[in-house]
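>>> build me a model:
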Amino acid sequence: MRGPSCFVASDPGTGKTRSVLLAFEQTVNCCMVVFCPKSIMLPAWGSDIEKFAPKLLWSIAKAPTAKRLKAFHPEVDIVIINHDAAKWLNQNIKVLTDWIGEREAWLCIDESTAFKNPTSQRTKAMVSLADVFDKRIAMSGFPTPNHAMEMWSQVRIIDGGQRMGRNYYQTRVRIQKPVQQGQFVNWVDQDDAQEKIFNAISDICVRYKLEDVLDMPEHINRTLNVDTSTKFNNMYMDMANEAYIALSDGEISAVNKAVLVNKLLQMCSGAAYNDEGEYSLIHPERYELIMDLVGERQQSLVAFLWKHQHTELTRIADSLHIRHCSITSDMSPEERNRVVEQFQAGLFQVLFAHPQSAGHGLTLTKARSVIWSSPTWSSEQYVQFNRRIYRAGQNNRTEVINIAANGTVEAGVYDKLTGKIDQSTDLLELFEHLQTARAA
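This next block holds a predicted model:
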């Protein structure tokens, strides 16, 4: 690292962690704090330090406070801590400054989109913490999942506002434009928003595509449509028409829109819930197709978004005597790491995982297929999860299979995720595309 700030925006799987470790190891009398998702503290950072920089001493600072304090031992070179702990560390700043002492202090924020919201408590804490560090690195293979202004706070943390400004609203006027939607104003990117950001941060930005640095095998992405029952179709059309009317009014808030989208995609996923939180299957064909695909492949990674999906998939896997394992949100980093190691060793035919719990940092190249039980609305989750198998160490042809119910908005959501339609396309526009296709 030549300067005090660096933004590494290379693709997932290009070795961002390793490059930071090699740069750090070449510096004398320094220490580093790494902020990253809980899910990759041990399996990504801990494992990579042991593999690529074994002489460095490292620790994981996880709750409760006593364990966090113990992690900041004077002899430790690297402390790995989760994103939300930025608030705790900012409140206990003396712990950090005492640990740093006379050493050059490095800050590395892995998956820096965790700090894309400038008004969140952890972002405000990180802005304050950053002043303590001599060198600052942000890393993200997908830094603007929704709009260009999500870069603002990520960049401000590492350069103090030098390149994109210190005032969010003044910068927004230069990058975005207001669009009236009913009683609400929505800020959308100007046509040259991405170019303006690149010009602002080009001197500190490092960006490589996976194909630029590695000879990768063929990778394909396809959507499989599954037929549904008349009962499901009737239920779906009732809800879809209600959603279309509500969205067309233009008076619905962003929060309520998200709830509406979630409910519609949840129904498409195959289950209906009652007020007690219990579900009944209305679309079992989806799970039968997924497990047929799993049964035909040596190793697969299957994304699930709701608990009922995990329940149904593991139930069918058990009935078919398919060896399976899972990564869920309630697992400890040690448990997650053990599952990854066992899957990579070939002990399981399929790994069921929630994209939020296994979407960053993990290497799952034993799998050659990613199967989406249903689409997420998050482009970041989609890209990151698919990159678990398409990364360094993959020597086989890989595929992503997207499962969509015939005649629903699911195929349109996948088109949005894969770039076949504009990323800014919302649910209302997807309804309109679907109606046009039906009319044709």
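>>> so what's the residue nearest to Met32 when sequence neighbours are not counted bridging to?
Among residues not flanking Met32 along the chain, Trp106 sits closest, at 3.8 Å (Cβ to Cβ, 6 or more residues apart in numbering). Yep, even glycine has a C-beta here, placed from its N, CA and C like the rest. For Trp106, the beta-bridge partners are Met32, Lys135 (DSSP bridges).
>>> just list the residues touching Trp106, thanks.
Trp106 sits next to Phe24, Thr27, Cys30, Cys31, Met32, Val33, Phe133, Asp134, Lys135, Arg136, Ile137 when contact means Cβ atoms under 8 Å, 6 or more residues apart in numbering.
>>> what do you get for Ser357?
Ser39, Ile327, Thr328, Ser329, Met331, Arg336.
>>> show the pLDDT at Lys94.
pLDDT for Lys94: 96.
>>> scratch that, Val8
Val8 is assigned a predicted lDDT (pLDDT) of 94.
>>> does it have beta-bridge partners, and which?
In this entry, Val8 is beta-bridged to Met139, Val206, by DSSP bridges.
>>> how many neighbours does Glu75 have?
Neighbours of Glu75 under the rule other Cβ atoms under 10 Å: 6.
>>> and it, what helix or strand is that in?
Using DSSP states H and E, Glu75 is not contained in any helix or strand.
>>> ok, Gln384 next?
For Gln384, the host element (DSSP H and E) is helix 379-386.
>>> before we move on, what about Asp275?
Asp275 belongs to no helix or strand when elements are defined using DSSP H and E.
>>> next one: Leu224
strand 219-226.
>>> which helix runs longest in this protein?
Criterion DSSP state H: the longest helix present in the chain is helix 230-248.
>>> what is it packed up against?
Using 3 or more Cβ pairs under 8 Å, 6 or more residues apart in numbering; DSSP states H and E as the contact test, the elements touching helix 230-248 are helix 254-268, helix 427-439.
>>> average pLDDT across the first one?
It refers to helix 254-268. For helix 254-268, mean pLDDT rounds to 75.
>>> next secondary structure element downstream of that helix?
Remark: after helix 254-268, the chain's next helix or strand is strand 271-273, criterion DSSP H and E.
>>> name the surrounding residues that touch that following strand.
Applying Cβ under 8 Å, 6+ apart, the external contacts of strand 271-273 come out as Met235, Gln266, Tyr279, Ser280, Leu281, Ile282, His283, Trp306, His308, Gln309, Glu312.
>>> where is pLDDT lowest across these?
Least confident entry in the contacts of strand 271-273, by pLDDT: His283, with 81.
>>> and the angle for the strand holding Leu224 with helix 379-386?
Angle of strand 219-226 versus helix 379-386, following axes from the mean of the first three to the mean of the last three Cα atoms, to 10 degrees, is 110 degrees.
>>> parallel or antiparallel, list what pairs with strand 219-226.
Sheet pairing here is set by DSSP bridges, and for strand 219-226 it gives strand 398-405 (parallel).
>>> and the contacts of the strand it pairs with?
Residues outside strand 398-405 that contact it (Cβ under 8 Å, 6+ apart) are 217-226, 228, 232, 236, 268, 283, 286, 289-290, 293, 368-375, 386, 389-390, 410-411, 414, 417-418.
>>> and the average pLDDT for the helix or strand that it is followed by is what?
Per DSSP H and E, the first helix or strand lying C-terminal to strand 398-405 is helix 410-417. Averaging pLDDT along helix 410-417 gives 88.
>>> mind checking how far the residue nearest to the spatial centre of the chain is from Thr113?
Centroid check for the chain by Cα atoms, centre = their mean gives Gln381 as the closest residue, at 3.8 Å. Gln381 sits at a distance of 11 Å from Thr113 (criterion: Cβ to Cβ, to the nearest Å).
>>> now do the strands in the stretch 51-200 of the chain.
Along the stretch 51-200 of the chain, counting by DSSP state E, counting those that start in this stretch, strands occupy 58-61, 78-82, 104-110, 135-139, 176-181, 184-189.
>>> output the third one in CSV, but only the C-alpha positions, please.
Taking C-alpha atoms only, strand 104-110 is exported to CSV below (Å, rounded to 0.1, in the frame of the first residue of the first chain):
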residue,chain,number,x,y,z
GLU,A,104,1.5,1.8,12.5
ALA,A,105,-2.3,1.1,12.6
TRP,A,106,-4.1,-0.5,9.7
LEU,A,107,-7.9,-0.6,9.3
CYS,A,108,-9.4,-3.2,6.9
ILE,A,109,-13.1,-3.3,6.3
ASP,A,110,-14.1,-6.5,4.5
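>>> that's all I had, so thanks and see you.
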